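Colleague: predicted model and sequence follow; I will ask about them next.
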Amino acid sequence: MPELPEVQTTVDGIYKKTKGYTVVDAWTDYNSPSHAEKNNIKNPAFFKEFKKKISGAKIIRCSRRAKNILIHLSNQYTILIHMKMTGHMMFGQYSYSSSKKKDPWSPATLDPKHPLNDPFNRHIHLVFTLEKQSPSQSESKHLVLSDMRKFAKVTLIETKHLEASPDLSHLGPEPLEEQFTYNIFVKQLEKRGKAPIKQALLDQSLISGIGNIYSDEILWAAGVHPQSQFLNIPQPQRKKMFLYTKEILKKGIDFGGDSMSDYRNIDGLPGAFQGQHKAYRKTKSVCEKKGCGGTILRMVIGSRSSHFCSDHQKMF
DNA sequence: ACTAGCCCCTGGGAGC
DNA sequence: TGCTCCCAGGGGCTAG
């Protein structure tokens, strides 16, 4: 599922592929007005306005805040995309078939082995048609959102109001920024110092961008049991948690994200971090820590599954 | 001010 | 083979 490293990889990919392109059209089949928020393209009236406002605008920059993709347009608006569980963005050439009611968009290529033909890439519910305005490159390209379970949220915010918007204003600091120091890490986690540390790490208002996979991996590396309370964790383990938070998130980016589930990059290709897991979804396997010999267990904490070593992850 | 639990959604896997 | 049921979970929301 897209966490900080997957979203960062996506954002970098979108920027590389789409900078300088102009949005000329948008299409969606998200349509759940009974549950949709007012400011979400799942609301048909909102989508109509959304499409009108983004059409003709140029993509000038792309950035990330927590697990949100931010596509900044030349007209002072920013498209905000939260991919939730199963969303991922891809860039390429697609064609539309009006005869197919379900998933009518497919890659223009017919080669079944082409990465865009991966079944996980065939749940396209949002399409931006992009054009370069130079006559030599007038061919249309598409930036699409594949989202098997349709949890994604897409909205449009005036760029100057971004940080103050309800989507971003509650978010805690970015763990990979230089300003994110050990003191800030401690200060943030102390706010929920009595909650299981697993839940505190997932709390986006404390630290941004960590999800279920990376929190399991950070706690495994630091040797901390997921049910420990932060207030009881001694300083050496706290320092390890801090260092591994940065290190493991960076490693996730270096490996191109985690595709154990359905995350794919901008080209429709899987990342490789799933091969690096030490804990997440390794239930019943032998702990890989040198000389440990423990077993990876699974436990539900805060209605999220948590994976940890029975032996070297200590309860504090 | 907490937290537990529901909800959105669909494909994959287990069990029969 | 095919049906039913359970599970995956980010984050918004409500109820307690």
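Modeller: Thanks, I have the structure now. Quantities reported herein were computed from a predicted structural model and do not represent experimental measurements.
Colleague: OK, contacts around the closest residue to DNA strand B within the stretch 51-200 of chain A?
Modeller: Closest residue of the stretch 51-200 of chain A to DNA strand B, Cβ to the nearest atom of the strand: A:R149 (3.3 Å). From N, CA and C alone the C-beta is placed, and that goes for glycine too. For A:R149, the contact set (Cβ atoms under 8 Å, 6 or more residues apart in numbering) comprises A:K84, A:M85, A:T86.
Colleague: and for A:F46?
Modeller: A:A36, A:K38, A:N39, A:N40, A:T155.
Colleague: is stretch A:244-251 up against DNA strand C anywhere?
Modeller: No - for stretch A:244-251, no contact with DNA strand C is found by Cβ under 7 Å from any atom of the strand; the gap never falls below 14.3 Å.
Colleague: buried ones in that stretch?
Modeller: When burial is assessed from 16 or more other Cβ atoms under 10 Å, stretch A:244-251 yields the following buried residues: A:Y244, A:T245, A:I248, A:L249.
Colleague: which one of those residues is nearest DNA strand C?
Modeller: A:L249 (14.3 Å).
Colleague: ok, the closest one touching A:G211?
Modeller: No - A:L249 is beyond contact range of A:G211, at 10.5 Å (criterion: Cβ atoms under 8 Å).
Colleague: circling back to that earlier point, show me which of the contacts of A:R149 neighbour DNA strand C.
Modeller: A:K84, A:M85, A:T86.
Colleague: taking the buried residues of stretch A:244-251 one by one, which sit in helices?
Modeller: A:Y244, A:T245, A:I248, A:L249 (DSSP state H).
Colleague: just list the residues touching the third one, thanks.
Modeller: If I follow you right, that is A:I248. The neighbourhood of A:I248, defined by Cβ under 8 Å, 6+ apart, consists of A:Y214, A:E217, A:I218, A:A221.
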